[in-house]
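A.B. asks: missing the sequence, but the structure's below:
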C-alpha cells in the first residue's frame, strides 16, 4: 500500500532522515520505534507533507505522493492523528468530529460517518455536547483518532498515540488501534512504548540517527539490541 525509498527529509537546514526505506502492506500495523530524535515522527510528517523532503520517493498504491498537498492525500484515503491529543478544546466533541469531515461535501455522508464513530465508541456519543477540554487523556486521544476517521481513511498515520496516557488508557487505545486494523485500515504508528508497539504491530522498524537499523516481525523482540536498549534488558 505504501512504499518509501531512500527518503531524506527534515526541517529547513536540518536533515533528520538519511535514506530511510520501508513499506506498509494492506491491513498491516507497522510500528516505528527508537530513541527521541531518531526520525520516527519525521517519517509520518514526510508522508503527510509537513516535513521537507529533499530526496527519495513516497508511493501510495503505486502513485507518487511525495509532494502532494494535504487535502490531496486525504482524498486518497490517508489520515493523520498527530502527537499530543491535538483537539479544539473550546469546541464540543461533536464539533471536533465534524471538523474532521470538512472535505466531505455531502451532509448525509458526514452524518453517516458521525453515527459510525458513535457506534464504534459510545463514550463519544455520551460526551458529544461536552467541550473537549473536559475529557480525560484517553478520551482526548480517542477523539483525535476518531476525528481522523471521519474521512473514511484506508491508511492511518498515528504519532505517539499512547503519549501521556495512564496504563489503563494506553491499553484501551491499543485495543482500538487493533480493532481498526481488523476493520481493514492499514496503520503506520510511531510509538515510544517499544514493548507494546512490537506486541501490536505486524512488523516493526527500529530507527536510530535517521536510519532504519533493524526490521522484523514480532520476533524482533528477541533481538539483543531490542532487549538490551529498548526493553531494559528484559
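C.D. replies: Okay, I see it. Remember, predicted model here, so these are calculated numbers, not experimental data.
A.B. asks: and residue 88, its phi and psi?
C.D. replies: Note on residue 88: its backbone torsions stand at phi -90, psi 100 [degrees, to the nearest 10].
A.B. asks: packing partners of the one helix or strand in the chain whose mean pLDDT sits lowest?
C.D. replies: Among the helical and strand segments of the chain, the one scoring lowest on mean pLDDT, DSSP states H and E is helix 224-225, with a mean of 83. Using 3 or more Cβ pairs under 8 Å, 6 or more residues apart in numbering; DSSP states H and E as the contact test, no helix or strand touches helix 224-225. All C-beta atoms are positioned from the backbone trio N, CA, C, and that covers glycine.
A.B. asks: residue contacts, the residue nearest the centre of the chain?
C.D. replies: In the chain, the C-alpha closest to the average C-alpha coordinate belongs to residue 158, at a distance of 1.1 Å (Cα atoms, centre = their mean). Taking Cβ atoms under 8 Å, 6 or more residues apart in numbering as the definition of contact, the neighbours of residue 158 are 44, 81, 145, 177, 187, 188, 189, 190, 191.
A.B. asks: look up how far residue 6 lies from the residue nearest to the second one when sequence neighbours are not counted.
C.D. replies: Setting aside the residues directly before and after it, residue 81 is nearest to residue 148 in space (Cβ to Cβ, 6 or more residues apart in numbering), at 4.4 Å. Summarising the geometry, the distance separating residue 148 from residue 6, computed by Cβ to Cβ, to the nearest Å, is 28 Å.
A.B. asks: who has more neighbours out of those two?
C.D. replies: Taking residue 148 and residue 6 together and counting by other Cβ atoms under 10 Å, residue 148 has the greater number of neighbours (19 against 12).
A.B. asks: pretty sure the more buried one sits against residue 156.
C.D. replies: Yes - between residue 148 and residue 156 there is a contact under Cβ atoms under 8 Å: 6.4 Å.
A.B. asks: adjacent strands (with direction) for the helix or strand where residue 15 lies?
C.D. replies: Here residue 15 is covered by strand 14-24, with elements defined by DSSP states H and E. Paired with strand 14-24 in the same sheet, following DSSP bridges, are strand 2-11 (antiparallel).
A.B. asks: pull out the buried residues from the strand it pairs with.
C.D. replies: Taking 16 or more other Cβ atoms under 10 Å as the neighbour-count basis, strand 2-11 is seen to contain the buried residues 2, 4, 7, 8, 9, 10.
A.B. asks: could you save those residues as TSV and add columns showing pLDDT and distance to residue 69?
C.D. replies: Formatted as TSV, the entries for the buried residues of strand 2-11 read as follows, by pLDDT from 0 to 100; distance: Cβ to Cβ, whole Å:
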residue	pLDDT	distance to residue 69
2	97	18
4	97	19
7	97	18
8	97	20
9	96	16
10	94	20
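A.B. asks: so residue 127 versus residue 97, what's the distance?
C.D. replies: Counting by Cβ to Cβ, the separation of residue 127 from residue 97 is 11 Å.
A.B. asks: more neighbours, the two?
C.D. replies: Taking neighbours as other Cβ under 10 Å, residue 127 and residue 97 compare with residue 97 leading, 24 against 20.
A.B. asks: right, I'll call it a day here.
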